[in-house]
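[1] here is my input, please return the structure:
(one chain, ligands or ions: 1)
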Amino acid sequence: MSPRSADHAPAENPLTPRDAAVSGLPEQAAADRLAFWAQQAGQLHWDTEWDQVLDWSDAPFARWFTGGRLNVAYNCVDRHVESGHGDQVAFHWEGEPGDTRTITYAELRREVCRTANALLSLGLTAGDRVAIQLPMIPEAVFAMLACARLGLPHSVVFGGFSPAALQSRIEDARARLLITSDGQYRRGKAEPMKANTDEATKDTPSIEHVLVVRRTGIDVPWTEGRDVWWHDLVDAQPDEHTPEPFDAEHPLFILYTSGTTGRPKGILHTSGGYLTQAAYTHRTVFGLDADTDVYWCTADIGWITGHSYLVYGPLANRTTSVMYEGTPSTPHEGRHFEIIERYGVTIYYTAPTLIRTFMKWGEHIPAAHDLSSIRVLGSVGEPINPEAWRWYREHIGGGRAPIVDTWWQTETGAVMISPLPDGPAGKPGSAQAPLPGLSAKVVDDQGQEVGRGESGYLVLDQPWPSMLRGIWGDEERYRETYWSRFADQGYYFAGDGARYDEDGDIWLLGRVDDVMNVSGHRISTAEIESALVSHPAVAEAAVVGASDPTTGQAIVAFVILRGGAAGTEDVAAALREHVAREIGPIAKPRRIMVVPELPKTRSGKIMRRLLRDIAENREVGDVTTLADASVMDLIDARLKGGT
Ligand code: WTA
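    So this is what the prediction gives:
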């Protein structure tokens with residue numbers, strides 16, 4: 001199989017394929033939203049047609065395509081083989097050490113069938129939950145699709161999360177199976193994985209088996225009877241498996257994300273509506289041409305972007321994708337550009353934090369590679385600052401590729417707000433407008449829409465097909481978290497601030513709650529605070545996100561030690577390690593400041609605004625609402641004292 005990119009000459013008019021994908025959509029969507037979505041759903045294969053496009057009678061619990069039945073994996077895999085595209089490449093996979101694997105749709109089908117047969121042999125039946133903690137290897141995709149094929153909701157846990165984080169997610173979902181690997185490559189080294197997952201499963205009675213992929217060959221602890229090697233079980237299975245259709249509202253996956261409290265929320269997504277919107281947005285936002293494009297989404301499968309834009313959306317659209325296992329600087333800082341050149345990537349979708357890292361490394365690095373195949377660039381995860389936007393377009397996009405700045409969330413399941421690639425020239429830093437069929441507003445405190453040139457809160461005022469169907473096992477928390485802030489209007493509150501410009505375009509302004517965005521990863525202040533106070537030396541902790549030129553925000557923790565002790569370098573280092581152990585290395589505070597007191601209001605609420613002033617080396621703002629205004633002087637004196 002030769003890479004399809006070889007004969008993909010950079011088109012003279014790179015906008016042509018997009019026209020087909022987006023033409024007429026806004027008009028159709030405006031004319032009849034539900035008919036528009038029915039038409040989008042109609043691009044999938046349904047075993048049974050739906051009765052009703054949307055049932056919103058039990059709001060805020062939506063049901064889309066009621067009565068419809070489909071198999072998500074069939075739609076992502078078998079259907080393309082049956083339509084004669086078995087030889088098309090689904091994934092150009094590249095491992096961090098440089099090993100590669102080309103997976104066609106026919107091969108993907110065989111692998112998914114074998115994996116599904118293996119899961120059946122372990123006694124799993126539709127509705128059982130499967131936890132997956134794997135590096136970015138093909139087996140991760142096979143595992144997700146095998147689960148989808150059998151109606152087993154998966155819960156993928158990012159490979160960088162700690163055993164404690166994995167354990168709580170397994171427990172919350174009561175997963176019967178864990179799929180993991182012996183180890184994973186990170187920055188050129190084989191790091192253990194199974195040793196960590198064993199720590200997580202020490203006390204998770206719901207787990208009956210652990211299916212282990214051999215990736216690095218490192219030694220692993222083994223529990224006879226429970227642990228099974230992937231190559232022993234999966235490779236011995238038959239290549240054929242007949243998929244069974246499931247209800248459109250059958251749970252497809254749970255994905256845990258940070259909220260404003262310490263406990264991560266299991267965001268629940270279902271089948272028909274999710275796949276419809278993931279596929280629709282993927283082909284529309286990037287103007288996909290399945291016959292010629294080579295698409296690369298750099299997200300890890302542990303995040304929603306990996307679910308919707310590395311697995312489900314692209315595969316439903318019969319995309320040829322690149323999947324890369326490792327870090328962007330291994331073995332050198334040109335790794336991504338080398339990959340773009342090698343496979344002739346036409347669509348590249350990444351996060352602003354990586355773009356800013358590339359900027360830091362220098363433009364001579366992309367300049368040493370032929371990136372002329374690039375046709376569209378995408379950005380996701382946080383607001384993209386105009387400097388990064390311009391650099392991205394100039395040095396990766398050859399000064400011509402449009403940038404689609406896509407706003408969405410784990411909860412929305414798929415993109416909601418984004419420019420269209422053939423739309424009016426992009427505005428650096430603006431996600432612009434909801435896609436056809438979708439709706440969003442910027443409102444004030446009372447839920448009234450603000451005017452042009454004004455800021456407020458971003459809300460979603462209409463249900464959408466890939467919306468979360470709830471928080472796993474916690475109906476009340478779902479209502480409370482998303483629907484109580486603007487209950488009168490029935491709006492979904494996203495937690496983001498936003499502004500309309502003079503043209504009515506939307507600019508995202510970042511979170512307005514206690515959720516931080518570090519390198520495009522959502523982390524809650526409360527989660528880190530509870531990890532800190534679980535350390536025996538800590539009496540109290542407050543965490544803030546301080547703005548950072550590369551990572552967007554950096555985690556800064558203020559802690560009061562037991563007995564009022566002053567901090568030392570050792571204490572700070574121990575606390576950082578403790579957080580890494582409790583949550584994962586991504587949650588490690590950049591700085592820990594040991595303070596004698598925390599600034600609180602009379603009702604006992606910590607005033608993070610003042611802590612943020614300190615963390616960002618600013619003059620401290622208005623302190624009049626503090627219960628004790630002298631606290632700030634005490635903190636200042638202690639910090640100047642050098643701890
Ligand atoms: C932020 C990631 C500005 C936002 C898909 C949102 C963005 C949170 C953008 C969701 C963007 C994501 N511009 N902000 N283009 N994309 N965000 O759940 O604050 O990991 O609420 O989903 O990321 O993060 P999550």
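
[2] following the lengthiest helix in the chain, which helix or strand shows up next?
    Secondary structure of the chain read by DSSP state H shows that its longest helix is helix 105-121. Moving toward the C-terminus from helix 105-121, the next helix or strand (DSSP states H and E) is strand 130-132.

[3] the following helix or strand past that next one vs helix 105-121, what angle?
    Later in the chain than strand 130-132, the nearest helix or strand by DSSP H and E is helix 138-150. Taking axes from the mean of the first three to the mean of the last three C-alpha atoms, to 10 degrees, one finds helix 138-150 and helix 105-121 inclined to each other by 70 degrees.

[4] centre of the chain to helix 138-150, how far?
    Here helix 138-150 shows a centroid-to-chain-centroid distance of 18 Å under the convention C-alpha atoms, centre = their mean, to the nearest Å.

[5] that helix packs against which elements?
    helix 72-73, strand 89-94, helix 105-121, strand 130-132, strand 154-156, strand 177-181, strand 251-257 (3 or more C-beta pairs under 8 Å, 6 or more residues apart in numbering; DSSP states H and E). From N, CA and C alone the C-beta is placed, and that goes for glycine too.

[6] give me the buried positions along the longest helix of the chain.
    105-120 (16 or more other C-beta atoms under 10 Å).

[7] what does stretch 35-48 give?
    36-41, 44, 46.

[8] next one: stretch 228-236
    So stretch 228-236, judged by 16+ other C-beta under 10 Å, has buried residues 228, 230, 233-234.

[9] ditto for stretch 575-589
    575-576, 578-584, 586-589.

[10] chain center to the longest helix of the chain: distance?
    25 Å.

[11] ok so, going back, in a markdown table: the buried residues of stretch 35-48, plus pLDDT and secondary structure.
    Shown next, in a markdown table, are the buried residues of stretch 35-48 (pLDDT from 0 to 100; DSSP: H, G, I helix; E, B strand; the rest coil):
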| residue | pLDDT | secondary structure |
| --- | --- | --- |
| 36 | 96 | helix |
| 37 | 97 | helix |
| 38 | 97 | helix |
| 39 | 96 | helix |
| 40 | 97 | helix |
| 41 | 98 | helix |
| 44 | 98 | coil |
| 46 | 98 | coil |
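
[12] could you single out the nearest of these to residue 169?
    Taking C-beta to C-beta as the measure, residue 44 is the one of these closest to residue 169, at 29.3 Å.

[13] where do the strands of the stretch 301-450 of the chain begin and end?
    320-324, 347-350, 376-380, 403-406, 441-443 (DSSP state E, counting those that start in this stretch).

[14] how about the nearest residue to residue 486, chain neighbours excluded?
    residue 447 (4.5 Å; C-beta to C-beta, 6 or more residues apart in numbering).

[15] what count of nearby residues applies to the one you found?
    Neighbours of residue 447 under the rule other C-beta atoms under 10 Å: 19.

[16] how close does it sit to the ligand?
    For residue 447, the distance to the ligand equals 19 Å [C-beta to the nearest ligand atom, to the nearest Å].

[17] go on, residue 445?
    19 Å.

[18] got it, and residue 100?
    28 Å.

[19] rounded mean pLDDT for the longest helix of the chain, please.
    The pLDDT scores in helix 105-121 average 98.

[20] could you give the angle of that helix to strand 177-181?
    Going by the same axes, to 10 degrees, helix 105-121 makes 130 degrees with strand 177-181.

[21] rewinding a little: as TSV, the strands of the stretch 301-450 of the chain with mean pLDDT, mean neighbour count and distance to the ligand would be great.
    What follows is the strands of the stretch 301-450 of the chain, written out as TSV (pLDDT from 0 to 100; neighbours: other C-beta atoms under 10 Å; distance: least, C-beta to the nearest ligand atom, whole Å):
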stretch	mean pLDDT	mean neighbour count	distance to the ligand
strand 320-324	98	24	18
strand 347-350	98	26	11
strand 376-380	97	25	5
strand 403-406	96	24	5
strand 441-443	97	22	13
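
[22] who wins for proximity to residue 278 among those strands?
    strand 403-406 (12.3 Å).

[23] from the chain's centroid, how far away is the closest one?
    For strand 403-406 - counting by C-alpha atoms, centre = their mean - the centre lies 16 Å from the chain centre.

[24] so which bits of the stretch 451-600 of the chain are right by the ligand?
    Residues of the stretch 451-600 of the chain found near the ligand (C-beta under 6 Å from any ligand atom) are 494-496, 508, 511, 517, 522.

[25] now do 8 Å
    494-496, 508, 510-511, 515, 517, 520-522 (C-beta under 8 Å from any ligand atom).

[26] out of these, which is nearest to the ligand?
    residue 508 (3.5 Å; C-beta to the nearest ligand atom).

[27] can you list the helices and strands that the helix or strand harbouring that closest one packs against?
    Residue 508 belongs to strand 506-511 when elements are defined using DSSP H and E. Here strand 506-511 touches strand 455-460, strand 492-500, going by 3+ C-beta pairs under 8 Å, 6+ apart.

[28] dump the C-alpha coordinates for stretch 308-328 into CSV.
    Extracted C-alpha coordinates of stretch 308-328, given in CSV (Å, rounded to 0.1, in the frame of the first residue of the first chain):
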residue,chain,number,x,y,z
SER,A,308,-14.1,12.7,18.5
TYR,A,309,-11.3,13.7,16.0
LEU,A,310,-8.8,10.9,16.1
VAL,A,311,-11.2,8.0,16.3
TYR,A,312,-15.0,8.5,15.7
GLY,A,313,-15.4,11.5,13.4
PRO,A,314,-12.5,10.8,11.0
LEU,A,315,-13.3,7.0,10.8
ALA,A,316,-17.0,7.6,10.2
ASN,A,317,-15.9,9.9,7.3
ARG,A,318,-13.5,7.3,5.9
THR,A,319,-10.5,9.5,6.6
THR,A,320,-6.8,8.6,6.1
SER,A,321,-5.2,9.7,9.3
VAL,A,322,-1.7,9.9,10.9
MET,A,323,-1.4,8.7,14.5
TYR,A,324,1.8,9.4,16.4
GLU,A,325,2.8,7.8,19.7
GLY,A,326,5.3,10.1,21.3
THR,A,327,6.4,13.6,22.3
PRO,A,328,7.0,16.3,19.7
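
[29] no further questions, thank you.
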